[in-house]
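Peer 1: here is a sequence together with a model predicted from it:
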Amino acid sequence: MAQAITAASMPIVSRLYSPEMIGVISLYLSFFNFWLPLLAWRYENALLIAEDEEESHHIFRLGLLLTIFNAALAIPAMGILHFTCTLGFDVLPVWTPLIVFISLLGYGFFMLYRAWLLRLWEARVISLSAVARSGANVAVRILTGIASLGIYGLLFAEVCGSWAALSAVRNRTKKLLQSRSPKWSWYKVKKAAKRYRKYAQYEMPSVAVDQLAIALPVPAIATLYGAQAAGWFGLAMLLYAIPNGQIGKAVGDVFQMELGYCVRDGDYIKGEKLFYKFSLGLLFVGVLPLILALYAAPPLVPYIFGEEWREMGEIVAHMAPWMFTALIVGSLSRALSVLQKQQWKLLYDLSALLVVVLIFFLSKYYQLGLMDFMRYLSFGMALTYLLYFFIIAFAIRVR
């Protein structure tokens, strides 16, 4: 349902908003998606392996405090990028830092409840939250687009999507918890922080580097080729978010739940079999989007999205190897978090960031065209995901 809502809306959205407008909101989303996983310092993943429900409450409270603090910290960070005109962020409205704070706060709280639901084996509620977020985001985008609100409407849609996701899980999670909420204990909150400190020490820096590598292409393209090119790339990423963001995330949720159970039970042989079973399943799932992207996207995009989006079809085709490997490996990447081997992920993160930075400077120096940039970026990122796959497989084998 979430995929259908997103897919059905895209031809409408592409006619209500220009590539330049989509480029601007893509810049905003690059910052949002970079900051989002850092809000709770990754302590939300500790909820899956907490010893009992009481400890999970203290981990959740630790996550709430960190989320509020880091969401507030995003205000000056976005403000600095805007006022220093860094990587094209000056095209965003001056009040965008306030929008990013409100949106991060809503979705940050949602991520904590989402992790709790994974512990409680309630994947269905998480799926319904995806529908709620997609529905709210799409409805607001279309209504504000009809009202010709432009980038203001797109930003408001992001806020509505974040809080719609939270509203879909908050009450249900509280009803599912078996015991009464324990009293606040700063000692136990600090004890939980210390016990699961690997999430803050290793996983958070790793995710920061990883998200930087994912977020950088949009401002890099905007800097090299303009807002229109960033809009083509941004909508292409939204298109790929249908299989990767919906199917990949849903499969990742189930894999994380199952592997977390194996770890708590000490059955690592079953966990390894699970890893390869999910890998094979995702390989088959990803073949159809890969073929459609390579052969159907270039001729069909102008008819579906409008003539001014023609170049996006070529971008989608060039991105196919990158997104195919991302669907498979990205969905399984939570294994390192569950195994508490987060430090190994830094090998992939640093290689991915190096690829993006290297291709940016090579493209700038040799004045490469947009499609050449996309071709080299896709090939480089696909190689880094293959490296990532072997790192995860090795971590499971060692454990």
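Peer 2: Ah, there it is. Residues are numbered from 1 along each chain as shown.
Peer 1: neighbours of the nearest residue to L346 once chain neighbours are set aside, how many?
Peer 2: Setting aside the residues directly before and after it, L346 is nearest to S206 in space (CB to CB, 6 or more residues apart in numbering), at 5.0 Å. For the C-beta atoms, the positions are set from N, CA and C on the backbone; glycine is no exception. Look at S206: counted by other CB atoms under 10 Å, it has 23 neighbours.
Peer 1: enumerate every residue touching S206.
Peer 2: 342-343, 345-346, 349 (CB atoms under 8 Å, 6 or more residues apart in numbering).
Peer 1: for E51, helix, strand, or coil?
Peer 2: Recorded secondary structure, E51: coil (DSSP: H, G, I helix; E, B strand; the rest coil).
Peer 1: how much space separates it from R119?
Peer 2: 11 Å (CB to CB, to the nearest Å).
Peer 1: which one of the two has more residues nearby?
Peer 2: When E51 and R119 are compared for neighbours, R119 comes out ahead with 21 against 10, by other CB under 10 Å.
Peer 1: what's the more buried one sitting at in phi/psi?
Peer 2: As for R119, its main-chain torsions (degrees, to the nearest 10) stand at phi -60, psi -40.
Peer 1: check the offset of stretch 355-368 from the chain's centre.
Peer 2: On the basis of CA atoms, centre = their mean, to the nearest Å, stretch 355-368 sits 25 Å off its chain's mean C-alpha point.
Peer 1: check which element follows the lowest-mean-pLDDT helix or strand in the chain along the chain.
Peer 2: Counting by mean pLDDT, DSSP states H and E, the chain has its least confident helix or strand at helix 198, which shows a mean of 83. Where DSSP states H and E defines the elements, the next helix or strand beyond helix 198 is helix 204-215.
Peer 1: contacts for the helix or strand hosting L346, please.
Peer 2: Per DSSP H and E: L346 is located in helix 345-366. Contact with helix 345-366 is made by 202-203, 205-207, 209-210, 212-214, 216-217, 220, 224, 333, 336, 368, 372-373, 376-377, 380-381, 383-385, 387-388, 391, as judged by CB under 8 Å, 6+ apart.
Peer 1: mind redoing it with 6 Å?
Peer 2: Here helix 345-366 makes contact (CB atoms under 6 Å, 6 or more residues apart in numbering) with 206, 209-210, 212-213, 216, 220, 224, 336, 373, 376-377, 380, 384, 387-388, 391.
Peer 1: and for stretch 169-189?
Peer 2: For stretch 169-189, using CB under 6 Å, 6+ apart, the contacting residues are 53-54, 57-58, 61-62, 113, 116-117, 120, 125, 129.
Peer 1: can you select the buried ones from those residues in ChimeraX?
Peer 2: Provided next is the ChimeraX selection string for whichever of the contacts of stretch 169-189 are buried by 16 or more other CB atoms under 10 Å:
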select :53,57,58,61,62,113,116,117,120,125,129
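Peer 1: need the contacts of stretch 169-189 in a markdown table with secondary structure, can you?
Peer 2: Compiled in a markdown table, the contacts of stretch 169-189 are given as follows (three-state DSSP):
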| residue | secondary structure |
| --- | --- |
| E53 | helix |
| E54 | helix |
| H57 | helix |
| H58 | helix |
| R61 | helix |
| L62 | helix |
| Y113 | helix |
| W116 | helix |
| L117 | helix |
| L120 | coil |
| V125 | helix |
| S129 | helix |
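Peer 1: of the contacts of stretch 169-189, which pair is most distant in space?
Peer 2: Spatially, the most separated pair among the contacts of stretch 169-189 is E54 and S129, at 25.3 Å (CB to CB).
Peer 1: and the contacts of stretch 169-189, which is closest to L166?
Peer 2: Nearest to L166, judged by CB to CB, of the contacts of stretch 169-189 is Y113 at 7.1 Å.
Peer 1: ok, now which ones touch that closest one?
Peer 2: Per CB under 6 Å, 6+ apart, neighbours of Y113: 169-170, 173.
Peer 1: same question, G88
Peer 2: 219, 222-223.
Peer 1: helix or strand for the residue lying closest to it once chain neighbours are set aside, which one?
Peer 2: Excluding the flanking residues, the one nearest G88 by CB to CB, 6+ apart is A222, at 4.2 Å. Using DSSP H and E, A222 maps to helix 217-225.
Peer 1: and the strand or helix carrying S134, what does it pack onto?
Peer 2: Following DSSP H and E, one finds S134 within helix 123-146. If you count contacts as 3 or more CB pairs under 6 Å, 6 or more residues apart in numbering; DSSP states H and E, helix 123-146 packs onto helix 2-16, helix 96-119, helix 151-176, helix 249-265.
Peer 1: for the first one, which positions count as buried?
Peer 2: By neighbour count, with 16+ other CB under 10 Å as the criterion, the buried positions of helix 2-16 are 2-3, 5-6, 9-10, 13-14, 16.
Peer 1: could you do the longest one as well?
Peer 2: Applying a neighbour-count criterion of 16+ other CB under 10 Å, the buried positions in helix 151-176 are 151, 153-166, 168-169, 172-173.
Peer 1: off-centre distance for that helix?
Peer 2: With CA atoms, centre = their mean, you get 16 Å for helix 151-176.
Peer 1: after that helix, next one along is what?
Peer 2: For helix 151-176, the succeeding helix or strand toward the C-terminus, using DSSP H and E, is helix 186-195.
Peer 1: dump that next one to PDB, keeping only the CA atoms.
Peer 2: Extracted C-alpha coordinates of helix 186-195, given in PDB (Å, rounded to 0.1, in the frame of the first residue of the first chain):
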ATOM      1  CA  TRP A 186      19.100   8.100  36.200                       C
ATOM      2  CA  TYR A 187      21.400   5.400  37.500                       C
ATOM      3  CA  LYS A 188      19.800   2.700  35.300                       C
ATOM      4  CA  VAL A 189      19.600   5.000  32.300                       C
ATOM      5  CA  LYS A 190      23.400   5.700  32.700                       C
ATOM      6  CA  LYS A 191      24.000   2.000  33.300                       C
ATOM      7  CA  ALA A 192      22.200   1.100  30.000                       C
ATOM      8  CA  ALA A 193      24.200   3.800  28.200                       C
ATOM      9  CA  LYS A 194      27.400   2.300  29.500                       C
ATOM     10  CA  ARG A 195      26.500  -1.300  28.800                       C
END
